[in-house]
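Trainee: Just a sequence and a predicted model for now, questions to come.
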Amino acid sequence: MNMFKAWGNLKIGVRLIIGFLIVIILGGVVGVVGINATSNIQNANNQLVEAKNLYQTLLEARRAEKNWIMRGGDTYFQEVKTKVQKLRKFHKALA
């Protein structure tokens, strides 16, 4: 009760300054939380992009393997080897 009485005894200018300081502090807290959440979203997005690239490379490797099995030849075999090496690089990057 004494706190409310002390608040009432303050001049209007002091009360306004305290009120604006509280709003500024709350705004700063919301800003920090927002920046942190944006950073987390960016990290998750980067992981999704890496997973998409890994999946795309896997599909390309399967297609190259199919071509090698159906048509034979060193050209297709080298393409399979290249795609598998690329997959290994992605795996190491994600691990």
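Mentor: In hand now; what should we look at?

Trainee: What is the longest helix belonging to the chain packed up against?
Mentor: The longest helix of the chain (DSSP state H) is helix 12-71. Judged by 3 or more Cβ pairs under 8 Å, 6 or more residues apart in numbering; DSSP states H and E, the packing partners of helix 12-71 are helix 74-94. For glycine as for every other residue, the C-beta is placed from the backbone atoms N, C-alpha and C.

Trainee: packing partners for the helix it packs on?
Mentor: helix 12-71.

Trainee: still on that earlier bit, avg pLDDT for the longest helix of the chain?
Mentor: The average pLDDT for helix 12-71 rounds to 91.

Trainee: any idea of the angle that helix forms with helix 74-94?
Mentor: 150 degrees (axes from the mean of the first three to the mean of the last three Cα atoms, to 10 degrees).

Trainee: Relative to the whole chain's centre, how far out is helix 12-71?
Mentor: 3 Å (Cα atoms, centre = their mean, to the nearest Å).

Trainee: now stretch 55-72
Mentor: That offset, for stretch 55-72, works out to 31 Å (Cα atoms, centre = their mean).

Trainee: in it, what counts as buried?
Mentor: T57, E60, A61, A64, E65, N67, W68 (16 or more other Cβ atoms under 10 Å).

Trainee: Using PDB, list the CA coordinates for that stretch.
Mentor: The C-alpha trace of stretch 55-72 is given here as PDB (Å, rounded to 0.1, in the frame of the first residue of the first chain):
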ATOM      1  CA  TYR A  55      18.500 -35.400 -51.300                       C
ATOM      2  CA  GLN A  56      19.000 -33.900 -54.800                       C
ATOM      3  CA  THR A  57      22.500 -35.300 -55.000                       C
ATOM      4  CA  LEU A  58      21.200 -38.700 -53.900                       C
ATOM      5  CA  LEU A  59      18.600 -38.600 -56.700                       C
ATOM      6  CA  GLU A  60      21.300 -37.600 -59.200                       C
ATOM      7  CA  ALA A  61      23.500 -40.500 -58.100                       C
ATOM      8  CA  ARG A  62      20.700 -43.000 -58.500                       C
ATOM      9  CA  ARG A  63      20.000 -41.700 -62.000                       C
ATOM     10  CA  ALA A  64      23.700 -42.000 -62.900                       C
ATOM     11  CA  GLU A  65      23.800 -45.500 -61.500                       C
ATOM     12  CA  LYS A  66      20.700 -46.400 -63.500                       C
ATOM     13  CA  ASN A  67      22.300 -45.000 -66.700                       C
ATOM     14  CA  TRP A  68      25.500 -47.000 -66.000                       C
ATOM     15  CA  ILE A  69      23.600 -50.200 -65.400                       C
ATOM     16  CA  MET A  70      21.500 -49.800 -68.500                       C
ATOM     17  CA  ARG A  71      24.100 -48.400 -70.900                       C
ATOM     18  CA  GLY A  72      27.500 -49.300 -69.400                       C
END
